[in-house]
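>>> pasting the structure only:
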């Protein structure tokens, strides 16, 4: 084999090695530019364990209910009690931000997602919406798109009288009226 025959493979290999070195250097530089997990401070979750009075705006007025929250690090479980019915809830905390879902039963079951912030361990505020968006059946041969609705919660059950629901006269709405 002549000299030219050996030159092509050598040039090809040296080009390949140079490209690999360049690629490895750029990969290492970009990895160094990213913050490592040890450098990123994890947000400490707020403390929400205990009973809370919640006022939740719905189409028919304001529902008053009781949240009984159990906290395990950044996970939240518990119950949502209104009109003498108790519904389970699950959620999570990230720093002062809380999110929890309440699945309501009945002939047309649905889940409401509550999102909010915890303020100084004594108050929470936020908005609620139908989980997954979508529409709510009104029972009048039509549907509407459900908007986000505000809610507030205060820690503790001071003697403020019984939790009666909407504060409006009459019976509580049927499960499919919320």
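Structure received. Treat the numbers as computed from the prediction; the structure is a model and nothing was measured. Numbers count the residues shown, from 1 in each chain.
>>> Which parts of this protein are strands?
With strands called from DSSP state E, the chain shows them at 50-58, 61-72, 75-82, 85-94, 97-104, 110-119, 123-130, 135-137, 143-145, 149-155.
>>> Remind me what the fifth one packs against, helices and strands.
Contact analysis of strand 97-104 by 3 or more C-beta pairs under 8 Å, 6 or more residues apart in numbering; DSSP states H and E lists strand 75-82, strand 85-94, strand 110-119 as its packing neighbours. For the C-beta atoms, the positions are set from N, CA and C on the backbone; glycine is no exception.
>>> what's around the closest residue to residue 154 other than its chain neighbours, how many residues?
The shortest distance from residue 154 to any non-neighbouring residue, by C-beta to C-beta, 6 or more residues apart in numbering, is to residue 53 (5.2 Å). Number of residues near residue 53 (other C-beta atoms under 10 Å) recorded here: 17.
>>> Break the protein down into its domains, please.
As assigned by automatic domain parsing, the chain contains the domains 1-40, 50-177.
>>> least reliable of these going by mean pLDDT?
When the domains of the chain are ranked by mean pLDDT, domain 1-40 comes last with a mean of 50.
>>> and residue 71, what are its bridge partners?
Counting by DSSP bridges, residue 71 forms beta bridges with residue 76.
>>> Please tell me I have it right and it contacts residue 90.
No - Residue 71 is beyond contact range of residue 90, at 11.9 Å (criterion: C-beta atoms under 8 Å).
>>> Pick out whichever of these two has more residues nearby.
Per other C-beta under 10 Å, whichever of residue 71 and residue 90 has more neighbours is residue 71, with 18 against 13.
>>> List the contacts of the more buried one.
Contacts were defined as C-beta atoms under 8 Å, 6 or more residues apart in numbering; by that measure residue 71 touches 45, 47-49, 93.
>>> any idea how far it is from residue 79?
14 Å (C-beta to C-beta, to the nearest Å).
>>> thinking again about what came up before, ok, now which ones touch the residue nearest to residue 154?
Residue 53 makes contacts with 64-67, 153-154, 156-157, 160, 163, as judged by C-beta under 8 Å, 6+ apart.
>>> Quick check: bridge partners of the residue nearest to residue 116 when sequence neighbours are not counted?
Nearest non-adjacent residue to residue 116, counting by C-beta to C-beta, 6+ apart: residue 126, 2.1 Å away. Under DSSP bridges, the beta-bridge partners of residue 126 are residue 116, residue 151.
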